[in-house]
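Trainee: please find the sequence and the predicted model below.
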Amino acid sequence: MKARRQVKILEIIRQHSIETQEELARHLCAEGLAVTQATVSRDIKDLNLVKRPAGDGRYRYAVPDDHQGVGAATKFRRLFADCCLNLDFSENIVVIKTLSGTAPGVGESVDSLRMPDVVGCVAGDNTVLVVVRSKAAVQDVIEKLRALTR
């Protein structure tokens with residue numbers, strides 16, 4: 001539940017200008033996730049979210065720019081390991097099956113690795129498609145991703 005909730009938080013703050021914990025809690029409740037302000041506060045801390053200027057002297061929650069920071073990198077790896085169910089591939093596309101509702105967070109985890117052979121990711125609800133530059137690089141990408149699940 002925590003991983004799903006935190007993935008939803010990342011999705012919400014990317015789609016909306018969220019200024020307060022209470023506002024974030026309302027969005028989570030609208031998505032069917034009943035939370036308290038204390039839970040939201042812990043999730044914000046766990047995700048290392050920061051407040052950025054939103055204009056007009058207001059601030060909004062955002063993901064830190066430094067995805068390579070030790071804390072964020074560790075959290076992304078843990079999220080990947082907790083939510084990844086299966087890895088497969090076809091040609092130059094890696095398919096990652098995840099727990100329902102966690103694919104956006106897993107896709108963000110893959111993006112945070114900044115692998116040079118990965119062109120990008122597309123995430124649905126429980127599936128992430130990872131586009132790899134060449135068929136020759138697919139095995140290397142899969143091995144790096146499998147290492148995250150150990």
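Mentor: Looks like it came in fine.
Trainee: which stretches of the chain form strands?
Mentor: 50-55, 58-62, 84-90, 93-98, 118-123, 127-132 (DSSP state E).
Trainee: may I see those organised as JSON lines, with mean pLDDT and mean neighbour count added?
Mentor: Just so you know, the C-beta spots here come from the backbone N, C-alpha and C atoms, and that holds for glycine as well. As requested, the strands of the chain are arranged in JSON lines below (pLDDT from 0 to 100; neighbours: other C-beta atoms under 10 Å):
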{"stretch": "strand 50-55", "mean pLDDT": "88", "mean neighbour count": "12"}
{"stretch": "strand 58-62", "mean pLDDT": "92", "mean neighbour count": "17"}
{"stretch": "strand 84-90", "mean pLDDT": "95", "mean neighbour count": "14"}
{"stretch": "strand 93-98", "mean pLDDT": "97", "mean neighbour count": "20"}
{"stretch": "strand 118-123", "mean pLDDT": "94", "mean neighbour count": "16"}
{"stretch": "strand 127-132", "mean pLDDT": "97", "mean neighbour count": "20"}
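Trainee: of these, which is nearest residue 111?
Mentor: Residue 111 lies closest to strand 118-123 among these, at 5.8 Å (C-beta to C-beta).
Trainee: tell me the strands beside that closest one, with direction?
Mentor: Paired with strand 118-123 in the same sheet, following DSSP bridges, are strand 127-132 (antiparallel).
Trainee: spit out the contact partners of residue 25.
Mentor: 35-37, 40 (C-beta atoms under 8 Å, 6 or more residues apart in numbering).
Trainee: lowest-scoring secondary structure element of the chain by mean pLDDT?
Mentor: helix 70-83 (a mean of 76; mean pLDDT, DSSP states H and E).
Trainee: off-centre distance for it?
Mentor: 9 Å (C-alpha atoms, centre = their mean, to the nearest Å).
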